[in-house]
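Peer 1: predicted structure and sequence below. I'll ask about it afterward.
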Amino acid sequence: MKNFVCLFVAVGLFAFSSCGDDDTMDAPVYTISINDPTSDDKKVGDMIDLKIVASEASAGTVHHMKVRIYNKADNTEIYNKPDDAHVHAESGSYTYEDQIELAVDAHTDWILEAKVWGHDAGLAEKIETVEFHVHPQ
């Protein structure tokens, strides 16, 4: 009976100690860099390259990324990708590349917004923007 009580206490202590906060991970630390496009003025019909690099400081996973282009005045969106923001790049870095034609109204100001975040929505979220003006052709 004494051995049974000792075993019960040992198992209880093990179970209690294994449920601590040690299982929580540190929040990722992200950086994001918009390499293209630049803030230079553009013209209607121009093809612009998009190149955005997201990195995690300790070479951890880049979980989510979203790139959108919207009108500064009225928030009209002309680009919102990737369709699935869950990119899950385990190498510590993720590069998003695409190309878009500026089939927009003339003389408008646009904002490219690139956002990266962790496993859960908003976790360690980092946002960078580039603003540019589009002229008529």
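Peer 2: Received, thanks.
Peer 1: show me what counts as buried in stretch 122-129.
Peer 2: Counting neighbours by 16 or more other CB atoms under 10 Å, one finds that the buried residues in stretch 122-129 are Ala124, Lys126. For the C-beta atoms, the positions are set from N, CA and C on the backbone; glycine is no exception.
Peer 1: using PDB, list the CA coordinates for that stretch.
Peer 2: The C-alpha trace of stretch 122-129 is given here as PDB (Å, rounded to 0.1, in the frame of the first residue of the first chain):
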ATOM      1  CA  GLY A 122      -2.100  39.500 -35.400                       C
ATOM      2  CA  LEU A 123       0.800  37.700 -33.600                       C
ATOM      3  CA  ALA A 124       4.000  39.700 -34.100                       C
ATOM      4  CA  GLU A 125       2.400  41.500 -37.000                       C
ATOM      5  CA  LYS A 126       4.700  43.800 -39.100                       C
ATOM      6  CA  ILE A 127       3.400  46.100 -41.800                       C
ATOM      7  CA  GLU A 128       5.400  48.100 -44.400                       C
ATOM      8  CA  THR A 129       4.000  50.300 -47.100                       C
END
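Peer 1: would you map the helices across this structure?
Peer 2: 2-17 (DSSP state H).
Peer 1: the strands in it, which residues?
Peer 2: Counting by DSSP state E, the chain has these strands, from start to end: 30-36, 42-43, 47-56, 62-71, 77-81, 86-89, 93-101, 108-117, 126-135.
Peer 1: mind putting these in JSON lines, mean pLDDT included?
Peer 2: Converted to JSON lines, the strands of the chain look like this (pLDDT from 0 to 100):
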{"stretch": "strand 30-36", "mean pLDDT": "97"}
{"stretch": "strand 42-43", "mean pLDDT": "96"}
{"stretch": "strand 47-56", "mean pLDDT": "97"}
{"stretch": "strand 62-71", "mean pLDDT": "96"}
{"stretch": "strand 77-81", "mean pLDDT": "97"}
{"stretch": "strand 86-89", "mean pLDDT": "94"}
{"stretch": "strand 93-101", "mean pLDDT": "97"}
{"stretch": "strand 108-117", "mean pLDDT": "97"}
{"stretch": "strand 126-135", "mean pLDDT": "97"}
